[in-house]
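**Student:** Dropping a prediction and its sequence here:
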Amino acid sequence: MARPAKRTKIVATIGPASESEEMLRRLIDAGMDVVRLNFSHRSAEQAKPLVARIRKVADELGVFVGILGDLRGPRIRVGEMQDGAVELEQGQKIVLTPNSVVGTAEKIGVSFRGLANDVAHGTIVLLDDGNIELQVMDRLVGGEVLCEVLRGGELKSNKGVNLKNRLISLPSLTTKDYQDLDFAVSQDLDFLALSFVQSAADVRFLKQTLAERGASIPVIAKIERQNALEDIENIVKECFGVMVARGDLALEMSFEDVPIAQKRIISVCRQAGVPVITATQMLESMTAFHKPTRAEAADVANAILDGTDAVMLSGESAVGKFPVEVVATMATIAGRAELAWMRGELPSSVELRRVADLDGAVGQATAMIASSVSARAIVAATTSGTTVRRVSCHRPKMPVIALCSSSETCRRMSLLWGVEPVLVPPIIGTAHLVKSSAEAAVKVLQAQPDDVLTIVAGTPYNVSGKTNLIKIEVVQDALKGEAKTFGE
């Protein structure tokens, strides 16, 4: 089965509804590019056989599928409730305590001993994804906090706690995160998402922690806190990619501000050449129904027209009734939005401003030259993926083929917009580069003899960090080893 023709990548969370071999195969065929493992709901022991299953199915299909491990992060939760749930009513007073107690309508335990130090009079405390809202009235002895219920409701055991617009003094990695991080290193996961990022320092700390373990897994910074949004320009300098985690972000700001924040994050990432994933409730109704709402279809399309590299499914693919259909639907919406942009049917924010740095300029020049000569494809030889990122971020309208000398690099291309990875032996010279590029174009795109290719690479070859060579070649000449300057 041919996979959908689309440039935007699809990240799908795998869960009970989608973790069998058959379902994984169908999801990949439907257009899934990256598998997300949510470590909030899965232990390393549970994830190990799933990783092996994903790799096995991808190998059988001849497709490079990335695996993203999503660390749980320092999530604050309430404790156990009396009889499993308590009813909180508007206007009542309630105490939050760091002590282990059975929750009642008068006192509830929370899993953060430093809570009283991180709140002040008037701080808004959100429970159960914002369904219940409290306001801090006073800090009590013993680290307890007195609150008034602004919006009540039924509070069940172990629900989440958010402090609106407050810095949290918890470490960015928990004991479980370290366990999951070690698992990610041992299994060569392709990406690692850091939850509840507060600043660029959190990303640097994770990268340092990985380096201490001899690993360099690309880090995806999840933007789900207001203070992370305020430091977004510095965060994108430190990470491989960014996730717009709209669920928790919506708890940090007014819901009407979330679309504006999403557009700003995407714009900053685009200008920095950093891949960005737009996530949370994109096709939420398809958890239960076989078609999306019109608003959801517009949401996905608008994120793509804003310039997102990838769109993500959460519960829709993990526990929903129609995991294959939801991936296929997202692929269809993506393909239509991309077609509209490429045909010039409507304006978009996909275009990127001119860049100032030398390496970025080579990527931009590659896209411009390819357009000028009506190239069938851009072929980029890459060791680490840097060269391909520098091209992809300029959104060329022709396909981008990445020549990678390792399966690891091929899988890391799975998040880059418009990129199709091909595994090749290490490039040993310009003639080898040109011929390998033509062979890949024929294999992937069924390129014709008179098709033109724009080829970009770094010299010396197989050394990461330099993108300094652009060539224009005709397929038939390249295949014969008779490559010559375009136009002769």
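**Tutor:** Nice, thanks for sending it over.
**Student:** who touches the spatially most central residue of the chain in this structure?
**Tutor:** Geometric centre of the chain, nearest residue: Ile277, 3.9 Å, by CA atoms, centre = their mean. Contacts for Ile277 (CB atoms under 8 Å, 6 or more residues apart in numbering) come out as Val11, Ile220, Gly241, Val242, Met243, Val244, Thr308, Asp309, Ala310, Val311, Met312, Leu415. For every residue, glycine as well, the C-beta is placed using N, CA and C.
**Student:** so how far is Ile333 from the third one?
**Tutor:** To Ile333, Gly241 is 21 Å away according to CB to CB, to the nearest Å.
**Student:** Surely Ile168 touches Phe196?
**Tutor:** Yes: with contact defined as CB atoms under 8 Å, Ile168 reaches Phe196; the gap is 7.4 Å.
**Student:** Just want to know which of the two has more residues nearby.
**Tutor:** Shown here are Ile168 and Phe196; by other CB atoms under 10 Å, Phe196 has more neighbours (22 against 18).
**Student:** What sits closest to the more buried one if chain neighbours are left out?
**Tutor:** Gly73 (4.3 Å; CB to CB, 6 or more residues apart in numbering).
**Student:** same deal with Leu24?
**Tutor:** Closest to Leu24 by CB to CB, 6+ apart is Val57, at 4.6 Å.
**Student:** I figured the one you found hits Glu19, correct?
**Tutor:** No: in this structure, Val57 is not within contact of Glu19 by CB under 8 Å, at 10.8 Å.
**Student:** End to end on stretch 287-300, go ahead and measure it.
**Tutor:** 16 Å (CA to CA, to the nearest Å).
**Student:** Give the buried residues for that stretch.
**Tutor:** For stretch 287-300, burial by neighbour count (16 or more other CB atoms under 10 Å) applies to Thr287, Pro292, Glu296, Ala297, Asp299, Val300.
**Student:** Can you tell me the SS state at the residue nearest to Leu24?
**Tutor:** Under the three-state scheme (DSSP: H, G, I helix; E, B strand; the rest coil), Val57 adopts helix.
**Student:** tell me the contacts of it?
**Tutor:** Glu21, Leu24, Arg25, Ile28 are the contacts of Val57 under CB under 8 Å, 6+ apart.
**Student:** likewise Thr287?
**Tutor:** Shown in contact with Thr287 (CB under 8 Å, 6+ apart): Gly315, Glu316, Val319, Gly320, Lys321.
**Student:** If we only consider those residues, which is nearest to Gly385?
**Tutor:** The nearest member of the contacts of Thr287 to Gly385, counting by CB to CB, is Glu316 at 28.3 Å.
**Student:** Just the C-alpha atoms of the helix or strand containing the closest one, please, in CSV.
**Tutor:** Using DSSP states H and E, Glu316 maps to helix 315-318. Below are the C-alpha coordinates for helix 315-318, written out as CSV (Å, rounded to 0.1, in the frame of the first residue of the first chain):
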residue,chain,number,x,y,z
GLY,A,315,-5.9,9.9,22.8
GLU,A,316,-7.4,9.8,19.3
SER,A,317,-4.8,7.1,18.3
ALA,A,318,-4.0,5.7,21.7
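**Student:** What lies in contact with that helix?
**Tutor:** By CB under 8 Å, 6+ apart, helix 315-318 touches 12-18, 27, 32, 38, 282-284, 286-287, 322-323, 326-327.
**Student:** Which is the succeeding secondary structure element to that helix?
**Tutor:** helix 323-343.
**Student:** quick one: the strands in the stretch 1-150 of the chain?
**Tutor:** 9-13, 34-38, 66-70, 76-77, 85-88, 93-97, 107-109, 124-127, 132-139, 145-151 (DSSP state E, counting those that start in this stretch).
**Student:** and of those strands, who's closest to Lys263?
**Tutor:** Short answer: strand 9-13, nearest of the strands of the stretch 1-150 of the chain by CB to CB, at 19.3 Å.
**Student:** That closest one vs strand 66-70, what angle?
**Tutor:** Counting by axes from the mean of the first three to the mean of the last three CA atoms, to 10 degrees, strand 9-13 lies at 50 degrees to strand 66-70.
**Student:** packing partners for strand 9-13?
**Tutor:** strand 34-38, strand 310-313, helix 315-318, helix 323-343 (3 or more CB pairs under 8 Å, 6 or more residues apart in numbering; DSSP states H and E).
**Student:** how distant is the second one from the center of its chain?
**Tutor:** Averaging C-alpha positions (CA atoms, centre = their mean, to the nearest Å) puts strand 310-313 7 Å from its chain's average.
**Student:** repeat for the longest one
**Tutor:** On the basis of CA atoms, centre = their mean, the separation between the geometric centre of helix 323-343 and that of its chain is 18 Å.
**Student:** Let me see the domain layout of this structure.
**Tutor:** 9-73+172-340, 76-163, 358-480 (automatic domain parsing).
**Student:** between those, which gets nearest to Ala2?
**Tutor:** domain 9-73+172-340 (8.4 Å).
**Student:** Could you identify which of the contacts of Thr287 has the most neighbours?
**Tutor:** Glu316 (30 neighbours).
**Student:** Model confidence score at that residue, please.
**Tutor:** pLDDT, Glu316: 98.
**Student:** what's the spacing between Cys269 and Phe64?
**Tutor:** 23 Å.
**Student:** mind checking which of the domains of the chain is nearest Arg3?
**Tutor:** Nearest to Arg3, of those and by CB to CB, is domain 9-73+172-340 at 6.0 Å.
**Student:** Could you pull out the helices in the stretch 251-400 of the chain for me?
**Tutor:** For the stretch 251-400 of the chain, helices defined by DSSP state H, counting those that start in this stretch occupy the ranges 258-272, 294-306, 315-318, 323-343, 358-372, 386-392.
**Student:** I'd like to know which of those is closest to Glu233.
**Tutor:** Closest approach to Glu233 among those is made by helix 258-272 (6.1 Å; CB to CB).
**Student:** Give the buried residues for that closest one.
**Tutor:** Val258, Ala261, Gln262, Lys263, Ile265, Ile266, Ser267, Val268, Cys269, Arg270, Ala272.
**Student:** Quick one: residues contacting the closest residue to Gly363 other than its chain neighbours.
**Tutor:** Leaving aside its chain neighbours, Gly363 sits nearest to Arg390 (3.0 Å; criterion: CB to CB, 6+ apart). Residues in contact with Arg390 (CB under 8 Å, 6+ apart) are Gly273, Asp359, Gly360, Val362, Gly363, Gln364, Thr366, Thr467.
**Student:** Throw those residues into CSV and include distance to Met253, pLDDT and neighbour count, thanks.
**Tutor:** Shown next, in CSV, are the contacts of Arg390 (distance: CB to CB, whole Å; pLDDT from 0 to 100; neighbours: other CB atoms under 10 Å):
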residue, distance to Met253, pLDDT, neighbour count
Gly273, 26, 89, 21
Asp359, 35, 70, 17
Gly360, 32, 78, 19
Val362, 38, 87, 21
Gly363, 34, 88, 28
Gln364, 34, 90, 20
Thr366, 38, 94, 26
Thr467, 38, 80, 25
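**Student:** Those residues: which two are farthest apart?
**Tutor:** Maximum pairwise distance in these, criterion CB to CB, is 12.9 Å, between Gly273 and Thr366.
**Student:** if we can go back for a sec, the contacts of Thr287 into a markdown table, with extra columns for distance to Thr123?
**Tutor:** A markdown table is the format used below for the contacts of Thr287 (distance: CB to CB, whole Å):
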| residue | distance to Thr123 |
| --- | --- |
| Gly315 | 30 |
| Glu316 | 33 |
| Val319 | 33 |
| Gly320 | 36 |
| Lys321 | 40 |
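**Student:** All good on my end, thank you.
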